[in-house]
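Q: Kindly generate the corresponding structure for this input.
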Amino acid sequence: MAKIIEGERIGKLGKIALGCSAVIFDPTRAKILLTRRTDNGRWCLPGGRTDSGESVVETCIREVLEETGLQVRIVRLLRVYSSPHRLVEYADGNRYQIVALNFEAEPIGGTLTLSDETTDYGYFSRDDIARMDVMETHVERLRDVLRATDPVCAMRGCKHGSSHPRGSMRLPIIVDGNQACVSRIRHQHRWLPSTLCARYFLAGAICMVTVSPSG
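A: Numbers count the residues shown, from 1 in each chain. Here you go, the predicted structure:
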């Protein structure tokens, strides 16, 4: 059974583990897929820890398939979570400070089903989720997703404002509470065809983000 322990810098008592979760919308984008865990009976987003030898994108795709039966493609990175004030303790006694990447994912195949790790599943609205027993770490992720439903750059703190090139793809990128905005790069009077890259400053660090946008 996974248990969450919180305290000032309590992450120092555990190991670092890398993981991910997937936000999967229904066709109307009004509801989000949640699963109910076998180990503690609580609701959460599909996801899990990264294994050695795989990327976080591969982790997300694998975990969604194992837990839900859905084959997905990754649409974009939504946010990174790495609180030093939270530990996750598992039934085997291992404790981890989780560095979690929350992705938006889109089903491309498979059939939604139960697994050894889940006892229930469903697409739920904002109001539904508010009444459910959702794991604390996933409450935070869901709140952030529901608060940022408009992907256009109307974000507070976005330095680009209305200066984005007309027709550009605009995506909010949020890392540990700091917001930045990135647009599809135009290079030598043409749009780069398949990747969106931005180098931006957050909390004094330079981050590189690469996303494969739809369309």
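Q: Pull the number of nearby residues for Lys12.
A: 10 (other CB atoms under 10 Å). Heads up, the C-betas are built off the backbone N, CA and C, glycines and all.
Q: Tell me which helix or strand in the protein has the weakest average pLDDT.
A: Between all helices and strands in the chain, the lowest mean by mean pLDDT, DSSP states H and E belongs to strand 196-202, at a mean of 33.
Q: quick one: Ala17 from Asn40, how far?
A: 18 Å (CB to CB, to the nearest Å).
Q: Over to Gly69?
A: 21 Å.
Q: Same question for the lengthiest strand in the chain: list its buried residues.
A: Looking across the chain with DSSP state E, the single longest strand is strand 95-110. Going by neighbour count (16 or more other CB atoms under 10 Å), the buried part of strand 95-110 is 95-105, 107.
Q: C-terminal to that strand, what's the next element?
A: Later in the chain than strand 95-110, the nearest helix or strand by DSSP states H and E is strand 118-124.
Q: Show me what the next helix or strand after that next one is packed against.
A: Toward the C-terminal end, the helix or strand that comes next after strand 118-124 (DSSP H and E) is helix 126-130. Packing partners of helix 126-130 (3 or more CB pairs under 8 Å, 6 or more residues apart in numbering; DSSP states H and E): helix 136-147.
Q: Who are the packing partners of the helix it packs on?
A: Partner elements for helix 136-147 (3+ CB pairs under 8 Å, 6+ apart): strand 15-23, strand 70-81, strand 95-110, helix 126-130.
Q: Contacts for it next, please.
A: With CB atoms under 8 Å, 6 or more residues apart in numbering as the test, helix 136-147 has contacts from 4, 21, 23, 32, 43-45, 78-79, 81, 86, 88, 98, 100, 102, 126, 129, 134, 174.
Q: and if we set it to 10 Å?
A: Applying CB atoms under 10 Å, 6 or more residues apart in numbering, the contact partners of helix 136-147 are 2, 4, 6, 21, 23, 25, 32, 34, 42-45, 47, 78-79, 81, 83, 86, 88, 98, 100, 102, 104, 124-126, 129-130, 132-135, 174, 177.
Q: Low-confidence regions, this protein specifically.
A: Applying pLDDT under 70 to the chain picks out residues 149-215.
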